[in-house]
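Asker: Kindly generate the corresponding structure for this input.
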Amino acid sequence: VGACPGVAVGRVATTSEAAVRMAADGPVVLVRPETSPHDLRGLAAASGIVTARGGPASHAAVVARALGKPAVVGVAGLAVDAAGAAVRVGGRTVAEGTLVALDGTGGEVVLGRPDITTDAADAHLRRLLGWADEVSGGRAGEERDEAGRLAAAHAALRRG
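Answerer: Numbering: from 1, shown residues only. The predicted structure follows:
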């Protein structure tokens with residue numbers, strides 16, 4: 001279940017301590033059976049969160065939303081072996097440190113770094129970007145990509 005929207009790519013960490021330690025060398029994804037307040041340091045250090053148990057109102061989901069971190073919860077068949085520093089799912093064992101990516105909107109987790117493609121903006125997105133330009137004071141012909149236009153609008157709304 002996608003619990004908090006966004007995409008994260010990082011190395012698997014099976015404990016909060018490992019997440020904090022590994023985050024010093026790059027992004028990590030904290031993978032736990034479920035989270036509790038004892039995991040807060042690891043949740044804060046992680047770029048994304050995956051749990052075997054939980055739903056939209058679970059601890060992991062609520063904390064991920066509060067921290068603005070992508071999360072996938074309630075992954076069927078996921079077993080976390082913190083002592084062995086590995087996770088098992090779908091008949092496959094994934095060692096701690098393995099690169100994974102998660103989509104907190106769609107609820108997907110994949111091994112490695114997936115190819116990311118973007119399509120040209122559809123009519124609805126073009127309309128939203130037009131509004132974003134109005135809010136941020138964007139000028140016609142100004143060279144910014146779609147993400148830049150939305151970021152400028154977000155910043156203008158925060159100042160407002």
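Asker: can we go C-alpha only for contacts and neighbour counts from here?
Answerer: OK.
Asker: This protein: strands as residue ranges?
Answerer: 2-4, 7-13, 28-32, 48-51, 71-72, 79-81, 86-89, 92-95, 99-103, 108-111 (DSSP state E).
Asker: From residue 53, how far out is the residue nearest the centre of the chain?
Answerer: Nearest to the mean C-alpha position of the chain, counting by Cα atoms, centre = their mean, stands residue 70 at 2.5 Å. Residue 70 sits 16 Å away from residue 53, going by Cα to Cα, to the nearest Å.
Asker: buried residues in stretch 76-86?
Answerer: 78-82, 85-86 (16 or more other Cα atoms under 10 Å).
Asker: domain assignment for the chain?
Answerer: Domain ranges of the chain: 2-111, 123-158, per the TED database.
Asker: deepest of those domains, which one?
Answerer: Burial of the domains of the chain is given as mean neighbour count (mean count of other Cα atoms under 10 Å); domain 2-111 ranks first at a mean of 20.
Asker: what about that domain, average pLDDT?
Answerer: Regarding domain 2-111, the rounded mean pLDDT is 96.
Asker: circling back: the buried residues of stretch 76-86: which two are farthest apart?
Answerer: 78 and 85 (13.7 Å; Cα to Cα).
Asker: do you know how far residue 9 is from residue 135?
Answerer: For residue 9, the distance to residue 135 equals 31 Å [Cα to Cα].
Asker: Could I get the full set of helices for this protein?
Answerer: With DSSP state H, the ranges of helices along the chain come out as 16-23, 40-45, 59-67, 123-136, 146-159.
Asker: Out of those, the one nearest residue 29 is which?
Answerer: It's helix 16-23; of those, that one is closest to residue 29 (Cα to Cα) at 7.5 Å.
Asker: From the contact counts, what lies against that closest one?
Answerer: strand 28-32, helix 40-45 (3 or more Cα pairs under 8 Å, 6 or more residues apart in numbering; DSSP states H and E).
Asker: if we can go back for a sec, now, among the buried residues of stretch 76-86, which is nearest to residue 122?
Answerer: Nearest to residue 122 among the buried residues of stretch 76-86 is residue 78, at 36.5 Å by Cα to Cα.
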